[in-house]
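Chemist: below are the sequence and a predicted model for it; my questions follow.
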Amino acid sequence: MDICRVAILGCGTVGGGVARIMQDLKQDLSMRAGMPVDLIKIVDLNPAESANRHGINRDLFCGTADTITPEEASSFISEIIHDKDIDVVVETIGGTSDFLLDIVKKLIAAGKHVVTANKALLALYNSDIFTTAEASGVQIGYEAAVCGAIPIIKTIQESYSGDKIQSISGIFNGTSNYILSKMKEEGLTFDDALAIAQEKGYAEQDPTYDINGYDAGHKLLLLIKLAFGLDLAFEDIAISGIEDITDDDLDAAQELDSTIKLICYAEKRGEKVFATVRPMMVKNSNFLSQISGATNAVRLINMYAGEQILIGKGAGSLETASSIVADIVFLARNQGNNFHTGDSAGVSLMENDEFELPYNITFDLDDVPGMTGLVATAIGNQGINIDTVGHNRHNIDRAVFPVATMPCSMNQIRAAIDDIEKKRPGVYLNPPKVVPILF
Ligand code: HSE
């Protein structure tokens with residue numbers, strides 16, 4: 001290509017930001033790409049409103065009326081798929097419908113590079129989309145799909161090409177981090193904190209995936225493929241969200257000089273990769289514990305470069321759009337040639353419950369003599385080394401106390417929990433809560 005011609009599908013929050021940056025920085029982008037970078041078409045259901053909202057030239061939009069029908073939009077998209085002059089298509093429609101997957105696959109088959117922030121679509125149809133792209137000799141730009149403005153994809157692809165990533169951990173969802181921060185710092189309930197996150201526009205329209213860890217899981221899946229070459233199905237990743245985090249959990253974390261965060265974690269040991277998304281007690285000496293509000297952070301441990309942390313906005317119109325525009329320039333400059341990551345032969349996912357981590361187990365039991373001994377003995381019998389037994393809160397007639405362990409597996413912890421129940425049936429007033437501790 002000697003001119004990079006771009007079309008945008010969907011001119012909402014992110015697509016509008018892309019059009020705006022491409023319009024504002026046209027000269028700079030062309031200079032950086034080494035060729036003219038031209039936005040030539042936008043398809044959106046509300047051309048008049050979107051042009052006005054984002055300050056974009058109205059003539060770029062397909063259709064002359066203020067609004068167009070979905071059928072008209074489909075027909076304009078079809079024209080773009082068949083337009084030999086268009087090199088790069090930005091997909092900012094969003095969602096994971098068959099309709100959208102079909103559009104993306106048709107664009108790829110037609111030889112167009114696709115740039116998207118759609119982590120859910122890429123995570124769910126990963127192999128399908130990337131394999132089709134490879135066969136068609138085109139690239140998928142997805143910098144914006146993982147932690148919005150943070151340049152983690154190109155950092156892994158380019159800057160760490162002389163190293164080996166050993167682990168990735170981080171805060172990949174701003175909404176859940178905002179909620180946990182508000183609960184900790186202002187003593188808000190989960191529901192009140194969520195309501196404010198929605199008011200401020202951090203949460204997705206439907207915040208289910210922000211809260212249950214799925215949004216973060218989509219991003220982790222993409223990084224695991226990039227860093228470790230491992231192709232996972234989304235359901236392979238053990239994911240739990242922040243729905244059940246209570247004041248008691250936050251207090252227990254504070255006692256352990258830790259902060260509860262929804263952590264994405266992946267580590268490669270030998271040929272095995274451990275991967276999970278779940279609330280963890282992050283030690284206050286770990287920088288991730290200090291990331292508060294809607295901010296995202298990615299912490300990498302490299303074999304040679306050691307620890308590196310990237311921090312930034314994980315969402316937002318122009319923030320996310322800046323990553324998309326960077327992908328467009330990258331594609332033009334590199335003529336679609338991509339960087340390849342490491343050899344993935346023989347790499348597989350580790351059985352989750354075998355991976356050893358330090359854990360905090362909070363017990364909620366009848367407040368009667370012998371409970372601490374019963375618990376500590378059962379844990380010791382499974383070969384688990386106890387680090388600390390925490391303050392017993394003696395909540396009226398119940399004993400609520402945390403036990404922090406040295407690294408052990410969930411299999412060992414489950415066996416200890418079952419053993420306690422067997423020795424004293426009905427002992428648990430609530431099931432013990434088990435949270436990994438991240439140093
Ligand atoms: N809703 C997400 C978040 C951003 O709260 O971080 C897009 O994945």
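Modeler: It's in. Numbers count the residues shown, from 1 in each chain.

Chemist: straight-line length of stretch 353-365, end to end?
Modeler: Stretch 353-365 has its terminal residues 25 Å apart, counting by Cα to Cα, to the nearest Å.

Chemist: what does stretch 49-68 give?
Modeler: Here the two ends of stretch 49-68 are set 12 Å apart, with distance taken as Cα to Cα.

Chemist: and what of stretch 192-212?
Modeler: End-to-end distance of stretch 192-212: 17 Å, with Cα to Cα as the criterion.

Chemist: for this protein, longest helix please?
Modeler: For the chain, the helix reaching the highest residue count under DSSP state H is reported as helix 317-333.

Chemist: and that helix, which residues are buried?
Modeler: For helix 317-333, the neighbour count (16 or more other Cβ atoms under 10 Å) marks 317-332 as buried. For glycine as for every other residue, the C-beta is placed from the backbone atoms N, C-alpha and C.

Chemist: since we're on I40, how many residues are nearby?
Modeler: Residues within reach of I40, counting by other Cβ atoms under 10 Å, total 15.

Chemist: residues in contact with the nearest residue to it once chain neighbours are set aside?
Modeler: If the residues on either side of it in the chain are set aside, I40 comes closest to R5, at 5.1 Å by Cβ to Cβ, 6 or more residues apart in numbering. Under the criterion of Cβ atoms under 8 Å, 6 or more residues apart in numbering, the contact list for R5 reads 38, 40, 85-88.

Chemist: contacts only, for the residue nearest to G229 when sequence neighbours are not counted.
Modeler: Across the structure, with Cβ to Cβ, 6+ apart as the measure, the residue nearest G229 apart from its sequence neighbours is S344 (2.7 Å). Applying Cβ under 8 Å, 6+ apart, we find S344 in contact with 228-231.

Chemist: nearest to G15, of those residues?
Modeler: Nearest to G15 among the contacts of S344: D231, at 28.5 Å, using Cβ to Cβ.

Chemist: pretty sure the closest one is touching V273, no?
Modeler: No. With contact defined as Cβ atoms under 8 Å, D231 and V273 do not form a contacting pair (11.0 Å).

Chemist: so I301: helix, strand or coil?
Modeler: For I301, the secondary structure call by DSSP: H, G, I helix; E, B strand; the rest coil comes out as strand.

Chemist: circling back to that earlier point, ok, the residue nearest to G229 to L230 distance?
Modeler: Going from S344 to L230 by Cβ to Cβ, to the nearest Å gives 6 Å.

Chemist: residue of the stretch 251-400 of the chain closest to the ligand, please.
Modeler: The shortest separation between the stretch 251-400 of the chain and the ligand is 3.8 Å, found at A315 (distances taken as Cβ to the nearest ligand atom).

Chemist: count residues in the vicinity of that residue, would you?
Modeler: A total of 24 residues lie near A315 under the criterion other Cβ under 10 Å.

Chemist: likewise for Q205?
Modeler: The local packing count at Q205 equals 6, with neighbours defined by other Cβ under 10 Å.
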